[in-house]
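Participant: Here you go, sequence then predicted model.
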Amino acid sequence: MMRLFHGISYLGYIGWAIVTGSLTIVTRVLRPGQYARPMIVEIPLRCVTDLEVTLFASSITITPGTLVTAIAAGTSTQPPVLFVHALFEDSEEAAMEGLYDMESRLLAMTRGRAPSGPATSSAEVEQEEGRP
């Protein structure tokens, strides 16, 4: 039941992100002097399953002003990493904060609850989910 609630909430969140991202791009393009501040940020993920990584990368790419440029696969000791191009963020920290918020909401949908902290391996996620 909680996954359904988190799923509906996540779809609303993504819809809102698309609307606000579109408005940001339109207002910055139409105003003189409001130039883009493009940057690429490296995001170590708490997502570890293929489904979670794919959904997160797709969510980022569908949001105006952001694009996943590369995905580095995770290993048994390192989580997967996304490289995200952000067009209109004020700083790398602001970009990462927004992306981690999106990831937390996605993981709440896929796992039924938000993660407590960064995962360092897929074994940790399996342990959190109660799998052997």
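Facilitator: In hand now; what should we look at? Numbers count the residues shown, from 1 in each chain.
Participant: where does I25 sit relative to I18, distance-wise?
Facilitator: With distances taken as C-beta to C-beta, to the nearest Å, I25 is found 11 Å from I18. For glycine as for every other residue, the C-beta is placed from the backbone atoms N, C-alpha and C.
Participant: overlap in contacts of these two?
Facilitator: Residues within reach of I25 and of I18 at once, by C-beta atoms under 8 Å, 6 or more residues apart in numbering, are P64.
Participant: Can you say which helix or strand has M96 in it?
Facilitator: Using DSSP states H and E, M96 sits in helix 92-111.
Participant: and that helix, C-alpha only, in PDB?
Facilitator: Taking Å, rounded to 0.1, in the frame of the first residue of the first chain, the C-alpha atoms of helix 92-111 are listed here in PDB:
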ATOM      1  CA  GLU A  92      27.300  21.900  -7.800                       C
ATOM      2  CA  GLU A  93      25.900  21.400  -4.200                       C
ATOM      3  CA  ALA A  94      22.500  22.800  -5.300                       C
ATOM      4  CA  ALA A  95      22.400  20.400  -8.200                       C
ATOM      5  CA  MET A  96      23.400  17.400  -6.100                       C
ATOM      6  CA  GLU A  97      20.900  18.300  -3.400                       C
ATOM      7  CA  GLY A  98      18.100  18.300  -5.900                       C
ATOM      8  CA  LEU A  99      19.200  15.100  -7.500                       C
ATOM      9  CA  TYR A 100      19.500  13.300  -4.100                       C
ATOM     10  CA  ASP A 101      16.000  14.500  -3.200                       C
ATOM     11  CA  MET A 102      14.700  12.900  -6.500                       C
ATOM     12  CA  GLU A 103      16.700   9.700  -5.800                       C
ATOM     13  CA  SER A 104      15.200   9.500  -2.200                       C
ATOM     14  CA  ARG A 105      11.700   9.900  -3.600                       C
ATOM     15  CA  LEU A 106      12.400   7.200  -6.200                       C
ATOM     16  CA  LEU A 107      13.800   4.800  -3.700                       C
ATOM     17  CA  ALA A 108      10.800   5.300  -1.400                       C
ATOM     18  CA  MET A 109       8.600   4.300  -4.400                       C
ATOM     19  CA  THR A 110      10.700   1.200  -5.400                       C
ATOM     20  CA  ARG A 111      11.600   0.000  -1.900                       C
END
